[in-house]
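# coords please:
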Amino acid sequence: MDTYTPPVPGQLHAALRQELLRLAHHEEELAASEAARVHYWESMPVTVATHRTCAAALRAAADELLAPGRSRPGGG
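Next up, the predicted model:
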């Protein structure tokens, strides 16, 4: 019978940070792909800026996991 072993908090934070960075990279790729289809004289679609904003937010969330003294979940 297998027994559940909860992940070590450091490992969980590292895995979560990697996933956030992967998602940010994906958002940047989407922005680049959409921007590449627009001629230089045309205005950028709002979706390009939206993807870039999402990527920045995801990177900021990932960086918060590195911050020393971050508050505990459910704590304050």
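# Going by C-alpha atoms from here, please, whenever you check contacts or count neighbours.
OK.
# Which strands or helices does the helix or strand of the chain with the lowest mean pLDDT pack on?
One helix or strand of the chain scores below all others by mean pLDDT, DSSP states H and E: helix 9-36, with a mean of 93. With contacts taken as 3 or more Cα pairs under 8 Å, 6 or more residues apart in numbering; DSSP states H and E, helix 9-36 sits against helix 46-64.
# Contacts made by the helix it packs on with the rest, please.
Helix 46-64 is contacted by residues 16-18, 20-21, 23-28, 30-32, 34-35, 70 when judged by Cα atoms under 8 Å, 6 or more residues apart in numbering.
# List only buried entries from the residues you listed.
17, 20, 21, 23, 24, 25, 27, 28, 30, 31, 35 (16 or more other Cα atoms under 10 Å).
# Next one: the second one from residue 39, what distance?
Yep, that's residue 20 we're talking about. 31 Å (Cα to Cα, to the nearest Å).
# and what of the third one?
The span separating residue 21 from residue 39 equals 29 Å under the rule Cα to Cα.
# From residue 17, how far off is the residue lying closest to residue 32 once chain neighbours are set aside?
Closest residue to residue 32 apart from its sequence neighbours, by Cα to Cα, 6 or more residues apart in numbering: residue 48 at 7.5 Å. Per Cα to Cα, residue 48 is found 24 Å from residue 17.
# ok, now residue 2?
On the measure of Cα to Cα, residue 2 and residue 17 end up 28 Å apart.
# hang on, the earlier thing: and for the residue nearest to residue 32, the neighbour number?
The number of residues packed near residue 48 is 19, by other Cα atoms under 10 Å.
# cool, and residue 36?
Quick note: residue 36 (other Cα under 10 Å) scores 11 neighbours.
# same thing with residue 61?
Residue 61, neighbours per other Cα under 10 Å, totals 15.
# on that earlier part again, which two among the buried ones among the contacts of helix 46-64 are spaced furthest apart?
Taking Cα to Cα, the two most distant members of the buried ones among the contacts of helix 46-64 are 17 and 35; they sit 26.9 Å apart.
# what sits up against stretch 20-34?
45, 47-49, 51-52, 54-56, 58-59, 61-62.
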